[in-house]
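Asks: could you look at this predicted model? Sequence included:
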Amino acid sequence: MTFPGDEEGLGPASMYHAETADPHEELVDRSGVSPEDLQQINRVMEALAALRTAENELSDASRRYMKLNESDMRALHYLIVARNQGIVATPGGIATHLGISTASTTKLLDRLERAGHVLRQAHPSDRRALAITVTEETRAAAMNTVGRQQARRFGVAAGLAPAEREVVIRFLQEMAREITPSPEIWESATAE
């Protein structure tokens, strides 16, 4: 994948190369890394940047198509998966999933209901709770757009040998662990 700006040498691809992002090795000691290994590592970083760009573009396109914000889309995804699993979705479950307050969840559900995306109904077994369902029209629209695009990931993973999948899994898990924001780093940086 070619990124805009690559022709000037400062496009997203080169932005993640260790030697351009950290030329003086202040963050990454490259002394034991061969030029061939460095080139391959840079290609891994480029691939991650390309994946992030593609995911952002897909997310933006789906939000524009559905005319919803990110929290709304995440709530609808939760509701679709809950329905697929036969789970009764509640406002509390949505709040927990999104990591937002119950007041924010009420506003979100009001907005989604007004737009015709969700229905509030009596909970089948708890008289004090509501059951939230996604409308069939919204479910179909989401499944035929963003769902269809996201499903292509399965084909890519299925195309790998089991040992390759294990390497990818380990890599992605370790990458996620390493880039998860660490409070100590931010605290020490603001103290300086």
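Replies: Yes, it's here.
Asks: so Ile132: helix, strand or coil?
Replies: Following DSSP: H, G, I helix; E, B strand; the rest coil, Ile132 is assigned to strand.
Asks: the closest residue to it other than its chain neighbours: neighbouring residues, count only.
Replies: Once flanking residues are discounted, Ile132 sits nearest to Ala89: 4.8 Å by C-beta to C-beta, 6 or more residues apart in numbering. All C-beta atoms are positioned from the backbone trio N, CA, C, and that covers glycine. For Ala89, the count of nearby residues is 23 (other C-beta atoms under 10 Å).
Asks: ditto for Ala82
Replies: Neighbours around Ala82, by other C-beta under 10 Å: 20.
Asks: where's it, which helix or strand?
Replies: helix 70-84 (DSSP states H and E).
Asks: can you give me the offset of the helix or strand just after that helix from its chain's centre?
Replies: For helix 70-84, the following helix or strand on the C-terminal side (DSSP H and E) is helix 91-98. Distance of helix 91-98 from its chain centroid, counting by C-alpha atoms, centre = their mean, to the nearest Å, is 18 Å.
Asks: ok, now how distant is His123 from Pro181?
Replies: Taking C-beta to C-beta, to the nearest Å as the measure, His123 and Pro181 are separated by 37 Å.
Asks: so which of these two has more stuff around it?
Replies: His123 (15 against 7).
Asks: which residue, other than its chain neighbours, is closest to that one?
Replies: Ala129 (4.0 Å).
Asks: in the chain, which spans are helices?
Replies: Per DSSP state H, the chain carries helices over the ranges 12-15, 18-21, 35-66, 70-84, 91-98, 102-114, 136-142, 148-158, 162-179, 183-191.
Asks: output the ones you listed as TSV; include the columns mean pLDDT and distance to Leu27.
Replies: As requested, the helices of the chain are exported to TSV (pLDDT from 0 to 100; distance: least, C-beta to C-beta, whole Å):
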stretch	mean pLDDT	distance to Leu27
helix 12-15	72	14
helix 18-21	86	8
helix 35-66	89	13
helix 70-84	93	30
helix 91-98	96	34
helix 102-114	96	37
helix 136-142	93	40
helix 148-158	90	31
helix 162-179	95	12
helix 183-191	72	12
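Asks: the ones you listed: which one's closest to Val28?
Replies: Nearest of the helices of the chain to Val28, taken as C-beta to C-beta: helix 18-21 at 5.2 Å.
Asks: no more questions from me, cheers.
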